[in-house]
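*Asks:* what's the 3D shape of this:
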Amino acid sequence: MATSSARITLLVLYTERVEECRDFYSALGLRFELERHGRGPRHHAAVLDDGTVFEIYPVRDRPTGAVRLGVSVDGASARPPLAPGRHVLTDPDGRKVDVQAT
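*Replies:* Okay, the predicted model is just below:
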């Protein structure tokens, strides 16, 4: 696979299940803060170790498509704890999440 100097700096998930998704990703070790920018909607944001911002926004009038995510987490800190290795979990919206637990 070819490498690139580009990196993802922002990932936004739109969902009708904001709190359930926040709970799911929090259980993997992400630490969210409640935010609101100006007159925009309240949403949850987490900054990952590499500086990437991961946000969970409520669905408004924009359609969303399927997304598959991959994250690397400290398995011992996950709730419930995850054994080292690869796990494929499903978030509250039905997205497959490839979790590499260390």
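*Asks:* ok, now which ones touch residue 6?
*Replies:* Applying Cβ atoms under 8 Å, 6 or more residues apart in numbering to residue 6 gives no contacts. (Each C-beta comes from the backbone N, C-alpha and C, glycine too.)
*Asks:* next: the one 3 residues further on.
*Replies:* Taking Cβ under 8 Å, 6+ apart as the criterion, residue 9 is in contact with 51, 52, 53.
*Asks:* 6 Å instead, please
*Replies:* Each residue near residue 9 by Cβ atoms under 6 Å, 6 or more residues apart in numbering is listed here: residue 52.
*Asks:* tell me where the chain has helices.
*Replies:* 18-27 (DSSP state H).
*Asks:* can you list the low-confidence ranges for it?
*Replies:* 63 (pLDDT under 70).
*Asks:* please repeat the previous calculation with a cut-off of 90.
*Replies:* 1-8, 60-67 (pLDDT under 90).
*Asks:* what are the ranges of the strands in it?
*Replies:* 10-15, 33-35, 43-47, 53-58, 69-73, 85-90, 96-101 (DSSP state E).
*Asks:* check which helices and strands the first one is in contact with.
*Replies:* By that I understand strand 10-15. strand 53-58 (3 or more Cβ pairs under 6 Å, 6 or more residues apart in numbering; DSSP states H and E).
*Asks:* quick check: angle from the strand it packs on to strand 69-73?
*Replies:* 130 degrees (axes from the mean of the first three to the mean of the last three Cα atoms, to 10 degrees).
*Asks:* quick check: buried residues in strand 53-58?
*Replies:* For strand 53-58, the neighbour count (16 or more other Cβ atoms under 10 Å) marks 54, 56, 57 as buried.
*Asks:* contacting residues for residue 96?
*Replies:* 68, 88.
*Asks:* where's it relative to residue 46, distance?
*Replies:* Distance of residue 96 to residue 46, computed by Cβ to Cβ, to the nearest Å: 20 Å.
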